[in-house]
Every structure is written in C-alpha cells, then in structure tokens.
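Visitor: Provided below are the primary sequence and the corresponding predicted coordinates.
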Amino acid sequence: MSHEIKKVSIVIPAYNEEKAIGKTLELIKNTIEKIKGYDFEIIVVDNNSSDSTGKIAKSLGAKVVFERNKGYGNAYKKGLKEAGGDIIITGDADGTYPFEDIPKFLQIIEKNNVDFINTDRFANLEKNSMPFINYIGNKVLTFLINMIYNVNIKDSQSGMWIFKREVIEKMNFDIMSEGMPFSQEIKLYAIYLGFKFLEIPITYRKRIGKKKLDPVKDGIDNFINLLKFRKKLKSVKQ
Ligand SMILES: Nc1nc2c(ncn2[C@@H]2O[C@H](COP(=O)(O)OP(=O)(O)OP(=O)(O)O)[C@@H](O)[C@H]2O)c(=O)[nH]1
Ligand SMILES: [Mg+2]
C-alpha cells in the first residue's frame with residue numbers, strides 16, 4: 001500500500017494587512033514546521049493592497065497571488081483556484097484565527113467522516129475580539145440563516161474553514177458573492193451539496209490593524225445576499 005503525502009493549502013485573503021500579515025504567517029509557519037506527513041503551501045491573496053502586505057507575505061515564503069477586484073469573495077475565488085491541496089484551510093490575515101490548531105483540524109478531517117469543518121468563534125471569544133455590534137450582527141445573521149435554510153449553524157460568518165478539495169470542485173464560483181457574503185455561502189453550498197458538515201469550537205483573538213468590515217453595510221449586504229443565494233442554489237444542479 002502506498003502512503004502518498006497529502007498536500008494542504010492554506011489560503012489567506014489580505015487587503016492592507018501589513019501590520020498583521022507577518023504575525024499571521026509566523027504563527028502558521030511555526031505550526032506547520034512541526035507537522036509531519038503533509039506538504040504545505042501558503043497562499044496569500046493580495047487584494048490590491050496599497051501597503052506592503054504582498055511584499056511582507058512574499059518575504060516570509062508565502063505564495064502571493066494578486067486579485068485586482070476588491071472584495072473578500074473575489075479574493076477567495078482567486079485563492080481557491082490556485083490551491084493545489086487535497087485539504088484546504090482558510091483564515092483572515094489579521095491575527096484573529098488560531099492557526100496553531102491546524103494539527104487538530106487535520107486529525108478531525110482525516111479521522112472523522114467529515115468534508116467541511118466550520119469553526120465556531122463564539123465558543124471562546126477573547127476579550128475585545130468581537131465588537132458588540134459585530135457580535136449582534138453575527139448572531140442575527142446566523143439565526144436568520146438557520147431559519148431560512150433550515151440548517152443548524154453556530155457561526156455562519158466565521159472565516160476559518162477546513163475542507164476537502166472535492167467540496168470546491170463541485171461548486172460553481174460564479175453564483176457566489178464577490179464580497180463578505182462568500183463566507184456564509186460556502187458553508188450553505190457545502191451543506192446543500194450533501195457534504196458532511198461539522199462545526200468545532202475555536203478561540204478568536206483581537207484583530208491587529210485596522211478593521212475592513214463595516215458592520216452595518218456588510219450586515220445588510222449579507223442579509224440581502226442570503227435571500228438571493230437561496231434562489232441561485234436552487235437553480236444549479238445538485
Ligand atoms: N473586508 C474586506 N476584506 C478583505 C478584502 N480583501 C481581502 N480581505 C481580507 O479578508 C479578511 C476579512 O476581513 P476583516 O476585515 O478581517 O473582516 P472581519 O474579520 O469580518 O472583521 P474585522 O476583523 O473586525 O475587520 C481579512 O484578512 C482582509 O484583509 C476586501 O475587499 N474587503
Ligand atoms: Mg478578520
């Protein structure tokens with residue numbers, strides 16, 4: 001029996017994150033250098049940053065791909081197309097997500113019968129990690145998503161996901177949003193396609209650098225797209 005080494009892609013969208021990208025990548029590198037039996041690639045999607053995000057990422061050994069069109073969804077569409085991994089792990093470039101848990105994530109996705117892992121930030125929010133208005137927005141959106149889509153998600157807006165390559169191979173990125181709603185859509189799409197979905201608790205930290213999200217504008221945008229995406233999902237072949 002051959003034991004082929006599995007490839008893992010870590011995909012990070014980054015827009016003007018020069019203050020945080022270094023620390024984010026250091027955490028990832030320190031974590032993966034201790035993991036045996038996998039080949040890792042780190043892909044940073046520089047979303048037309050006007051600061052030195054791309055330069056720093058490159059100097060730390062990440063593969064930097066550029067996406068001219070702004071938007072969290074556009075950044076992911078680009079980064080995921082570039083990812084060659086059998087397993088893909090995502091997260092923000094702002095120091096908020098616990099990349100030190102990668103060994104645990106890999107163990108869960110390999111040992112359990114799951115295809116898509118979402119992470120639940122509400123399980124352990126560090127002090128000041130999520131502003132109150134974002135907290136309310138995230139909770140309301142998650143409640144509405146669970147009602148409208150008849151699912152049971154704890155954190156619909158979490159930006160850290162771990163999934164098998166087959167999941168995105170079955171997805172049509174054209175029906176997915178260019179901006180923030182991409183996060184809820186990838187989860188709902190995976191569930192809709194019948195993939196085994198699991199949520200696990202994580203620790204969420206306070207962001208380094210300036211926040212990009214506008215809680216009111218993005219909250220409303222996410223809600224509108226929630227309804228639109230349901231129609232789009234129904235129009236694609238399962
Ligand atoms: N908002 C936003 N983020 C982008 C874009 N392109 C890439 N990103 C990255 O996507 C990630 C998510 O954006 P964040 O601003 O961290 O959004 P958030 O985590 O929901 O909220 P805050 O951390 O409170 O700002 C970050 O790593 C951004 O740098 C973009 O066009 N808009
Ligand atoms: Mg963030």
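Guide: Yep, that arrived. Ligands and ions are numbered 1, 2, ... in the order given.
Visitor: Please make it C-alpha for all contacts and neighbour counts, starting now.
Guide: Fine.
Visitor: ok now do I102, which residues does it touch?
Guide: When the contact criterion is C-alpha atoms under 8 Å, 6 or more residues apart in numbering, the partners of I102 are 31-32.
Visitor: so it is in which element?
Guide: Here I102, judged by DSSP states H and E, is contained in helix 102-111.
Visitor: export that helix as PDB, just CAs?
Guide: Listed in PDB are the C-alpha atoms of helix 102-111, where the atom choice follows Å, rounded to 0.1, in the frame of the first residue of the first chain:
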ATOM      1  CA  ILE A 102      -4.000  23.000  12.400                       C
ATOM      2  CA  PRO A 103      -2.800  19.600  13.700                       C
ATOM      3  CA  LYS A 104      -6.200  19.200  15.400                       C
ATOM      4  CA  PHE A 105      -8.100  20.200  12.300                       C
ATOM      5  CA  LEU A 106      -6.200  17.700  10.100                       C
ATOM      6  CA  GLN A 107      -6.800  15.000  12.600                       C
ATOM      7  CA  ILE A 108     -10.500  15.700  12.700                       C
ATOM      8  CA  ILE A 109     -10.900  15.900   8.900                       C
ATOM      9  CA  GLU A 110      -8.900  12.700   8.400                       C
ATOM     10  CA  LYS A 111     -10.200  10.500  11.200                       C
END
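Visitor: Now do the following helix or strand past it: which elements does it pack against?
Guide: Remark: after helix 102-111, the chain's next helix or strand is strand 116-125, criterion DSSP H and E. Applying 3 or more C-alpha pairs under 8 Å, 6 or more residues apart in numbering; DSSP states H and E, one finds that strand 116-125 makes contact with strand 161-164, helix 182-192, strand 197-204.
Visitor: Which residues does strand 116-125 contact?
Guide: Strand 116-125 has contacts (C-alpha under 8 Å, 6+ apart) with 109, 154-155, 158-164, 167, 187, 190, 195-205.
Visitor: got the angle for the lowest-mean-pLDDT helix or strand in the chain vs helix 182-192?
Guide: For the chain, counting by mean pLDDT, DSSP states H and E, helix 215-235 ranks last in confidence among helices and strands (a mean of 94). Taking axes from the mean of the first three to the mean of the last three C-alpha atoms, to 10 degrees, one finds helix 215-235 and helix 182-192 inclined to each other by 30 degrees.
Visitor: Thanks a lot, see you next time.
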